[in-house]
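S.K.: Would you be able to build a 3D model of this:
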Amino acid sequence: MFTVNPIASALGAELHGVNLATEMTPEVFQEVRRLLVEHEVVFFRDQDITPSQHRALAASFGPLQTHPAYKTVEGIPEITILESTAEKPTKIESWHTDMTFRKHPPMGCVLRSTIVPSKGGDTMWASMTAAYDALSKPMQEFLSGLTAEHDFSWGFKESLAEPGGRERLAQAVADNPPVTHPVIRTHPESGKKVIFVNSLFTTRILELSREESKAVLAFLYDHVITPEFSCRFNWALNSIAIWDNRSTQHKPINDYFPEHRMLHRVVIDGDKPY
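M.R.: Residues are numbered from 1 along each chain as shown. Prediction:
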């Protein structure tokens with residue numbers, strides 16, 4: 001059907017020999033989805049697809065979400081534009097899981113490169129499955145009964161602090177009050193346990209004191225980015241990454257300024273974490 005080249009031990013595989021615009025038969029799709037759950041993030045090269053095909057590809061996994069804070073492709077509001085220029089560089093520097101400020105965070109995302117710098121601009125992913133498995137049994141048991149708050153306003157505090165930012169994002173703030181998720185969630189397809197807190201959106205662990213929460217989250221944020229849990233992808237034009245947002249975190253490497261980088265992302269709706 002196509003070839004699978006794992007790129008790291010913990011997660012990540014490049015899939016070669018499939019055209020996502022024309023060859024996503026039900027059989028191909030089922031295999032891609034199986035590999036996505038297995039490898040947690042899968043990559044494709046040389047996929048010159050249209051925005052409509054991009055949306056359709058993501059929609060094959062399920063209903064789509066929109067994002068309240070980013071510009072979108074004209075006529076296709078499901079495609080958010082992630083763009084960084086010398087005049088307006090990206091503010092996202094931290095490891096994170098996308099949109100955990102939602103009651104139903106995304107099950108996955110489909111990201112396509114449209115403008116890439118001549119060097120740099122890679123993205124890293126980390127397996128929260130591997131991170132959980134590496135914890136001691138007593139720590140796994142301690143964390144398993146805890147819940148944490150996730151907050152849109154915390155993740156976008158820099159944007160809210162900009163002149164006019166609070167007014168621009170007022171509706172997004174109103175529509176996305178803080179939500180609660182388990183610190184350790186169960187993957188609904190694999191049944192595996194994963195760590196489900198991230199430094200961008202998680203504010204505190206509710207069952208602990210403020211100081212205890214701060215210490216435990218600091219430990220987890222440091223633990224989940226252990227290099228052995230990660231993989232790194234070098235973008236070229238028309239590359240596509242599909243990742244399982246339920247079991248990964250990711251981080252852009254912002255080492256390409258003042259060059260221009262633009263990616264298009266579609267977010268797939270997910271279920272309530274448990």
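S.K.: Please make it C-alpha for all contacts and neighbour counts, starting now.
M.R.: Noted.
S.K.: Show me the helices in the stretch 1-150 of the chain, by range?
M.R.: 26-39, 51-59, 128-133, 137-144 (DSSP state H, counting those that start in this stretch).
S.K.: Can you list the buried residues in the last one?
M.R.: For helix 137-144, burial by neighbour count (16 or more other CA atoms under 10 Å) applies to Q140.
S.K.: Please name every helix or strand in contact with that helix.
M.R.: Contacts defined by 3 or more CA pairs under 8 Å, 6 or more residues apart in numbering; DSSP states H and E place helix 137-144 against no helix or strand at all.
S.K.: okay, now Q171: neighbour count?
M.R.: 12 (other CA atoms under 10 Å).
S.K.: would you say it is within a strand?
M.R.: No. When classified by DSSP: H, G, I helix; E, B strand; the rest coil, Q171 is found to be helix rather than part of a strand.
S.K.: Could you find the closest non-adjacent residue to A172?
M.R.: P68 (5.5 Å; CA to CA, 6 or more residues apart in numbering).
S.K.: Need the per-residue pLDDT for that neighbour.
M.R.: Looking at P68, its pLDDT is 86.
S.K.: burial count for it?
M.R.: 15.
S.K.: still on that earlier bit, if you compare the helices of the stretch 1-150 of the chain, which one is most tucked away?
M.R.: Highest mean neighbour count among the helices of the stretch 1-150 of the chain (mean count of other CA atoms under 10 Å): helix 128-133, with a mean of 23.
S.K.: Return the alpha-carbon coordinates of that helix using PDB.
M.R.: Written as PDB, here are the backbone C-alpha positions of helix 128-133 (Å, rounded to 0.1, in the frame of the first residue of the first chain):
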ATOM      1  CA  MET A 128       2.700  11.500  26.300                       C
ATOM      2  CA  THR A 129       2.200   7.700  26.300                       C
ATOM      3  CA  ALA A 130       6.000   7.200  26.600                       C
ATOM      4  CA  ALA A 131       6.100   9.900  29.200                       C
ATOM      5  CA  TYR A 132       3.400   8.200  31.300                       C
ATOM      6  CA  ASP A 133       5.000   4.800  30.900                       C
END
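S.K.: what number of residues lie near the nearest residue to T123 once chain neighbours are set aside?
M.R.: Among residues not flanking T123 along the chain, P252 sits closest, at 4.4 Å (CA to CA, 6+ apart). Counted with other CA under 10 Å, the neighbours of P252 add up to 19.
S.K.: Was I right to think F61 contacts V267?
M.R.: No. With contact defined as CA atoms under 8 Å, F61 does not count as touching V267 (10.0 Å).
S.K.: who's in contact with the residue nearest to T123?
M.R.: I92, E93, S94, G121, D122, T123, M124 (CA atoms under 8 Å, 6 or more residues apart in numbering).
S.K.: Check H96 too.
M.R.: N198, S199, L200, F201, Q249, H250, K251 are the contacts of H96 under CA under 8 Å, 6+ apart.
S.K.: Quick check: pLDDT value at it.
M.R.: Reading off the model, H96 has pLDDT 97.
S.K.: hmm, back to that, between F61 and V267, which is the more surrounded one?
M.R.: Shown here are F61 and V267; by other CA under 10 Å, V267 has more neighbours (28 against 17).
S.K.: Verify the contact between that one and G108 for me.
M.R.: Yes. If you go by CA under 8 Å, V267 and G108 touch, sitting 6.2 Å apart.
S.K.: Most neighbours among the contacts of P252, which one is it?
M.R.: G121 leads these on contacts (other CA under 10 Å) with 21 neighbours.
S.K.: Just to check, that one is in contact with K251?
M.R.: No. Using CA under 8 Å, G121 makes no contact with K251, being 10.4 Å away.
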